[in-house]
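Undergrad: Structure of the sequence below:
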Amino acid sequence: MAKGDWTKFYSDAIKQECAYDKKSGWLFTRDGVKYSPAELALLVRSGNDCPVQIHIIKKMFEGIVVDAPAAIPGRENLKFGES
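TA: Presented below is the predicted three-dimensional model:
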């Protein structure tokens, strides 16, 4: 891939270097975690950078970031911190 297709930057939120592939929309972190375009869009819509806690959990479980209320049927009004 051509050098101009990437943007490299340091994330203060997760305290490490990241590389963003402009063509595919994927973000790669120094510690090997990958964020898809859909995950990045969700984080942007939530109004904040990726909190370090989300990053650590994503790395530990090799999971994906999802919109919790949309992922749990019948829980459309779920707010963080509620059960």
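
Undergrad: what residues does stretch 17-27 touch?
TA: 1, 5-11, 28-30, 34-37, 40 (CB atoms under 8 Å, 6 or more residues apart in numbering). All C-beta atoms are positioned from the backbone trio N, CA, C, and that covers glycine.

Undergrad: So which bits of it are buried?
TA: Neighbour counts over stretch 17-27 (16 or more other CB atoms under 10 Å) mark 18, 20, 27 as buried.

Undergrad: Stretch 32-40: end-to-end distance?
TA: 16 Å (CA to CA, to the nearest Å).

Undergrad: ignore the last one, stretch 28-36
TA: By CA to CA, one end of stretch 28-36 lies 9 Å from the other end.

Undergrad: Equivalent analysis for stretch 36-52, please.
TA: Where stretch 36-52 starts and where it finishes are 17 Å apart, if you go by CA to CA.

Undergrad: distance between it and the chain's centre?
TA: Chain-centre distance of stretch 36-52: 5 Å, with CA atoms, centre = their mean, to the nearest Å.

Undergrad: now that stretch: mean pLDDT?
TA: Across stretch 36-52, pLDDT averages out at 80.

Undergrad: low pLDDT regions in this protein?
TA: 1-4, 48-50, 68-83 (pLDDT under 70).

Undergrad: the helices in it, which residues?
TA: Under the criterion DSSP state H, the chain contains helices at 37-45, 52-61, 68-71.

Undergrad: Let me have these in CSV, adding mean neighbour count as columns.
TA: Formatted as CSV, these follow (neighbours: other CB atoms under 10 Å):
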stretch, mean neighbour count
helix 37-45, 14
helix 52-61, 14
helix 68-71, 12
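
Undergrad: so where do the strands sit in the chain?
TA: Ranges of strands in the chain, per DSSP state E, are 6-11, 16-21, 27-29, 34-35.

Undergrad: Contacts for the shortest one, please.
TA: Spelled out, that is strand 34-35. 26-29, 43, 50, 58, 65.

Undergrad: Could you rerun that using 6 Å?
TA: 27-28 (CB atoms under 6 Å, 6 or more residues apart in numbering).
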